[in-house]
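Novice: return a 3D structure for these sequence lines:
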Amino acid sequence: MQRIIAPSMLSADFGHLDRDTRMVDRSAAQWVHIDVMDGVFVPNISFGFPVLAPIRRATTKLLDVHLMIVEPEKYALRFVEAGADLVTIHYEATADPAACLRAIRAAGARAGISIKPATPVGVLRDLLPLLDLVLVMSVEPGFGGQSFIPEALDKIRELRTMIDRAGTATLIEVDGGISARNAREVFEAGADAVVAGSAVFKAADPEAEIGRILNA
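Specialist: Numbers count the residues shown, from 1 in each chain. Presented below is the predicted three-dimensional model:
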């Protein structure tokens, strides 16, 4: 099974965003993760289109944009236009996730959906044909630096079984509290990709830490 790491720019130094993005670009990381928060769906605000554009210019790697916003259907296509290669919405944030996923795909990007820790994976069964990715939150969304919720491992295993039975090519991504200490068990549970923020950008050597997480 492939292993993908997507360093989260939410933990980067915003005063040196170009430098940190270029570090990720030359590293072994395959994706760059962008957390968009609106202060409504989650109790925090991050960044939007103006910040995505310079990140897009500073990397050739896949831009993995995670929308933690209400009514993502209003903005998802604008993120595709700004350079997102993969746009992930939250199941809990929209009344019609299927329509939003179809619109993202029609715009030429990959479509993903994320679920909070309390949301069961079974709610996604009928959506799997529309999903390039499912993002399992292993912390409560909205803040970096939280500890990994161990119960997420059971959700990853359940989701892997559900995807395999459905026969789709849907990837599983996990976000929250990921480091070199637990990445191995997350990948072994069935994840294809992990998001790492604080573990990467607070490391003495972020580029080397990316490699340690990938090879955990």
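
Novice: packing partners for the helix or strand bottoming out on mean pLDDT in the chain?
Specialist: Across the helices and strands of the chain, mean confidence by mean pLDDT, DSSP states H and E is lowest for helix 49-58: a mean of 92. Taking 3 or more C-beta pairs under 8 Å, 6 or more residues apart in numbering; DSSP states H and E as contact, the helices and strands that helix 49-58 lies on are helix 17-26, strand 31-37, strand 62-68, helix 76-81. From N, CA and C alone the C-beta is placed, and that goes for glycine too.

Novice: so what touches that helix?
Specialist: Helix 49-58 is contacted from outside by 9, 17-18, 21-22, 25, 32, 34, 63, 65, 78-79, 82-84, using C-beta atoms under 8 Å, 6 or more residues apart in numbering.

Novice: and it, what's buried?
Specialist: Within helix 49-58, the residues scored as buried using 16 or more other C-beta atoms under 10 Å are 51-52, 55-56, 58.

Novice: got it, and stretch 152-165?
Specialist: By 16+ other C-beta under 10 Å, the buried positions in stretch 152-165 come out as 152-153, 155-160, 162-163.

Novice: so which other helices or strands are in contact with the longest helix along the chain?
Specialist: Identified as the longest helix of the chain according to DSSP state H is helix 152-166. Identification of packing neighbours for helix 152-166 by 3+ C-beta pairs under 8 Å, 6+ apart yields strand 133-137, strand 171-175, helix 183-189.
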